[in-house]
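Q: Provide a 3D model corresponding to the input given below.
(one chain, ligands or ions: 1)
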Amino acid sequence: AKTHNHDFVVQATKVKRLCETHNSITVNGQFPGPTLEVNDGDTLVIHVTNKARYNVTIHWHGVRQLTTAWADGPEFITQCPIRPGGSYTYRFTISGQQGTLWWHAHSSWLRATVYGAIIIHPQEGYSYPFPKPDHESLITLGEWWDANPIDVVREATRTGAAPNVSDAYTINGQPGDLYKCSSKDTIKVPVNPGETSLIRVINAALNQQLFFTIANHKLTVVGADASYVKPFTTKVLMLGPGQTTDVLMKADQPTGRYYIAARAYASAQGAPFDNTTTTAILEYKSATSKPIMPPLPAYNDTATATAFTTSFRSLRKPIVPTEIDHNLFITMGLGINQCPPKTRARNCQAPNGTRFTASMNNVSFVLPSNISILQAHHQGIPGVFTTDFPAKPPVTFDYTGNVSRSLWQPTRGTKVYKLKYGSSVQIVLQGTNIFTAENHPIHLHGYDFYILAEGFGNFNPKTDTAKFNLVDPPLRNTVSLPVKGWAVIRFVADNPGTWIMHCHLDVHIGWGLATVFVVEDGPGPMQKLEQPPPDLPVHGVRQLTTAW
Ligand code: C2O
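A: Have a look, this model is predicted:
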């Protein structure tokens with residue numbers, strides 16, 4: 001196995017999109033940022049220097065970080081942010097993951113422009129569990145704001161209202177032909193007639209689930225979130241933010257040009273809905289014809305989305321825990337906090353003088369502000385978090401029905417849930433209609449989990465348990481929870497550390513749709529959290545010493 005060294009310089013860079021030039025935060029002046037290409041088993045050493053004027057951290061989305069939680073990256077969960085002028089070297093090893101993952105800033109809304117792909121090939125000397133493709137290409141879907149994304153979220157925090165929606169969707173950072181001033185930079189993906197491409201698709205958008213398709217071409221899904229799946233063929237993919245999907249595509253159509261296109265799957269009622277489409281061009285060698293536009297599902301085509309998300313089956317024999325030590329039931333809720341009457345606080349400009357909030361089991365998660373949860377856990381520093389995150393919602397109610405207003409106002413707190421090393425966990429993730437129904441791509445750090453089943457309405461333990469797939473459930477790090485529906489996941493807590501589980505819509509994480517699992521060390525050598533690196537950003541409590 002190899003060690004790959006990289007320097008990431010986070011810096012302001014001039015980026016021109018939609019007719020205007022912006023000072024965007026990038027890594028090494030590149031947007032999207034550099035692609036990391038490794039083999040399974042390799043080690044990455046990434047030296048991040050912060051030359052921007054914002055705090056930053058980098059998260060390696062989906063990388064298991066076995067015993068290296070210090071390198072996971074979410075700010076105030078596993079580290080304090082890297083301050084302007086500061087630096088931190090992330091060191092971690094890829095172990096037993098193959099396919100596509102990605103990295104992104106995990107600090108405020110910086111990930112709007114601070115992200116890139118992680119491509120993990122099989123270990124050297126091994127091949128894919130499918131015929132070797134002739135080409136590989138990478139499609140990273142994103143969202144672009146004309147305004148500085150940090151200002152957009154700060155303004156929302158100031159007013160309590162919902163942040164502005166993006167001005168474009170993007171493919172590899174480019175909006176494409178259908179947006180103003182964007183045509184000449186539209187991404188081209190060259191193919192040779194008769195050849196097969198492995199196309200790695202990442203949804204790096206901040207707040208939007210996306211449908212994805214390529215005109216006239218069939219897509220054979222072979223992997224997702226760096227796990228292989230039993231191949232299945234589809235015309236349309238649907239990815240929640242955070243998810244990746246690897247597909248094989250044969251260039252078996254008449255020589256020509258075909259649009260690669262993505263647009264919103266906005267299943268929630270009342271959610272801001274954007275009807276725009278981002279495009280790239282699949283280009284057969286020397287073809288110059290006008291590109292063919294594919295049909296895309298309607299923004300509310302839940303049937304197509306569900307048919308896709310329920311088609312995944314693990315390729316390798318899964319090891320699903322059957323005895324459950326922790327049986328959790330977690331509701332996802334949006335909400336509004338009533339603001340004090342008459343005062344009309346500045347941050348109460350959501351409908352009727354309220355401010356938006358969100359919660360899991362009616363707890364709105366509050367990040368610590370000057371120490372990470374991992375440091376507090378490791379050093380035994382009290383007062384940073386409490387271990388009373390509830391295993392069930394405070395009351396049983398009709399989650400997806402018309403929900404009483406009393407549930408609109410969650411409590412706030414830094415509440416975590418403790419797990420013994422090696423314990424097995426089942427979580428029923430239950431969408432709700434609290435305030436309004438919404439989609440929630442739920443992402444767990446430090447783990448891949450099996451998705452046993454999903455469905456609409458309220459999870460019913462009597463009838464829905466029979467639907468669990470214990471034979472070949474897909475292994476993923478992010479599940480697209482159906483709107484007003486549920487999903488059941490399982491994993492074994494075999495990775496010590498503090499791991500955030502959150503909705504991957506940045507608008508929801510900002511409102512508190514998150515919790516943290518604290519997994520204790522096990523007795524064995526690969527079961528203990530490593531010592532923190534000497535340059536780990538910590539501030540507020542005390543300087544890092546070797547006495548840790
Ligand atoms: Cu991709 Cu906590 O993030």
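Q: below-threshold pLDDT in the protein: ranges please.
A: For the chain, the stretches with pLDDT under 70 are 267-273, 342-344, 540-548.
Q: and the longest helix for it?
A: Ranked by number of residues, the top helix in the chain under DSSP state H is helix 149-159.
Q: now it, how far from the chain's geometric center?
A: 21 Å (Cα atoms, centre = their mean, to the nearest Å).
Q: same thing with stretch 22-33?
A: The mean C-alpha position of stretch 22-33 is separated from the chain mean by 20 Å, Cα atoms, centre = their mean.
Q: buried stuff in that stretch?
A: Within stretch 22-33, the residues scored as buried using 16 or more other Cβ atoms under 10 Å are 22, 24-27, 31-33. Backbone N, C-alpha and C define where each C-beta goes, glycine included.
Q: close to the ligand, is it?
A: No. On the criterion Cβ under 6 Å from any ligand atom, stretch 22-33 is out of touch with the ligand, staying 14.0 Å away.
Q: and stretch 188-208, by the same measure?
A: No. On the criterion Cβ under 6 Å from any ligand atom, stretch 188-208 is out of touch with the ligand, staying 8.7 Å away.
Q: JSON lines please, covering the buried residues of stretch 22-33 and showing secondary structure.
A: Formatted as JSON lines, the buried residues of stretch 22-33 follow (DSSP: H, G, I helix; E, B strand; the rest coil):
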{"residue": "His22", "secondary structure": "strand"}
{"residue": "Ser24", "secondary structure": "strand"}
{"residue": "Ile25", "secondary structure": "strand"}
{"residue": "Thr26", "secondary structure": "strand"}
{"residue": "Val27", "secondary structure": "strand"}
{"residue": "Phe31", "secondary structure": "coil"}
{"residue": "Pro32", "secondary structure": "coil"}
{"residue": "Gly33", "secondary structure": "coil"}
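Q: show me the strands in the stretch 1-150 of the chain, by range?
A: In the stretch 1-150 of the chain, the segments counted as strands under DSSP state E, counting those that start in this stretch are 3-17, 20-27, 36-39, 43-50, 58-61, 87-93, 99-105, 115-121, 135-144.
Q: among those, which is nearest Leu429?
A: strand 58-61 (18.5 Å; Cβ to Cβ).
Q: quick one: buried residues of that closest one?
A: 58-61.
Q: do stretch 184-204 as well
A: Neighbour-count burial for stretch 184-204 [16+ other Cβ under 10 Å]: 186-187, 189, 191, 196-204.
Q: let me know the closest of the residues you listed to Phe397.
A: Asn203 (31.8 Å).
Q: quick one, what contacts that closest one?
A: 141, 209-210, 239-244 (Cβ atoms under 8 Å, 6 or more residues apart in numbering).
Q: phi, psi for it please.
A: Main-chain dihedrals, Asn203, degrees, to the nearest 10: phi -100, psi 100.
Q: where's stretch 278-294 relative to the chain centroid, distance-wise?
A: 29 Å.
Q: cool, and stretch 497-517?
A: 10 Å.
Q: can you pull out the helices in the stretch 151-300 of the chain?
A: For the stretch 151-300 of the chain, no helices turn up when DSSP state H, counting those that start in this stretch is the criterion.
Q: got the residues of it near the ligand?
A: Close to the ligand, as judged by Cβ under 6 Å from any ligand atom, the stretch 151-300 of the chain has residues Gly242.
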